[in-house]
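# Sequence first, predicted coordinates after that:
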Amino acid sequence: MIELLKQPWPWYVAGPLIGLTVPVLLLIGNRSLGISSSLRHVCAACMPAKIPFFSYDWKKEVWNLFFVGGILVGSFLAMTFLGNPNPVDVHPDLITEMEGYGLTNLKVVVPEEIVNWSSLLTLKGFLMIIVGGFLIGFGTRYAGGCTSGHAIMGLSNLQWPSLVATCCFMIGGFVMANLILPHILSL
């Protein structure tokens, strides 16, 4: 059984399991799936009520903090006990393209040449880590939620704003990956 869990799950198993979280959350407590609001709840719990954005009863959403904590603990346990020791499979054409950008260690999910402490002080690292992180954080708040909240929960509830947000997420991802990212990696 453990060996079965160590293998990547096919889309037709993982997809329905993710999709089933929507009715489970709705049936258990009329809750919505979403991760990006968790940071706001943490800030509201830690900051004084002088900032209006954080002045609300965050204790009503404490379940969300346990949900995020469960994701972190579950991820750690999965990597510790179920981690796949094999390197990430990358298409040969992508390997050639990435080597052109100076990325040679493609055996990990996140290339260490980009995401590390020393690259943070370079223009490429600053753009990728600081500016990218800010844009993701700003975008999720501006869109009223993250990809999991809109694409999984919002679409399953047939919410028009979630459809628009998900389309924008996808278009932004394609533009970033194909038009902007190659220029940043060339720096």
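That came through, no problem.
# And stretch 175-186, end to end?
16 Å (C-alpha to C-alpha, to the nearest Å).
# Report the buried residues of that stretch.
Neighbour-count burial for stretch 175-186, counted by 16 or more other C-beta atoms under 10 Å, picks out I184, L185. For glycine as for every other residue, the C-beta is placed from the backbone atoms N, C-alpha and C.
# which residues sit against that stretch?
Y101, G102, L103, I114, K124, L127, M128 (C-beta atoms under 8 Å, 6 or more residues apart in numbering).
# tell me the mean pLDDT over it?
If you average the pLDDT over stretch 175-186, you get 88.
# Pull out the buried positions in stretch 52-61.
Neighbour counts over stretch 52-61 (16+ other C-beta under 10 Å) mark F54, W58, E61 as buried.
# Where does the prediction get shaky in the chain?
1, 48, 84 (pLDDT under 70).
# Domain boundaries for it, per the record?
Domain ranges of the chain: 1-83, 114-187, per automatic domain parsing.
# May I see these organised as JSON lines, with distance to P92 added?
As requested, those are exported to JSON lines (distance: least, C-beta to C-beta, whole Å):
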{"stretch": "domain 1-83", "distance to P92": "19"}
{"stretch": "domain 114-187", "distance to P92": "18"}
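# which of these sits most buried?
The highest average neighbour count among the domains of the chain, using mean count of other C-beta atoms under 10 Å, belongs to domain 114-187 at a mean of 14.
# end-to-end on that one?
Using C-alpha to C-alpha, the end-to-end distance of domain 114-187 comes to 11 Å.
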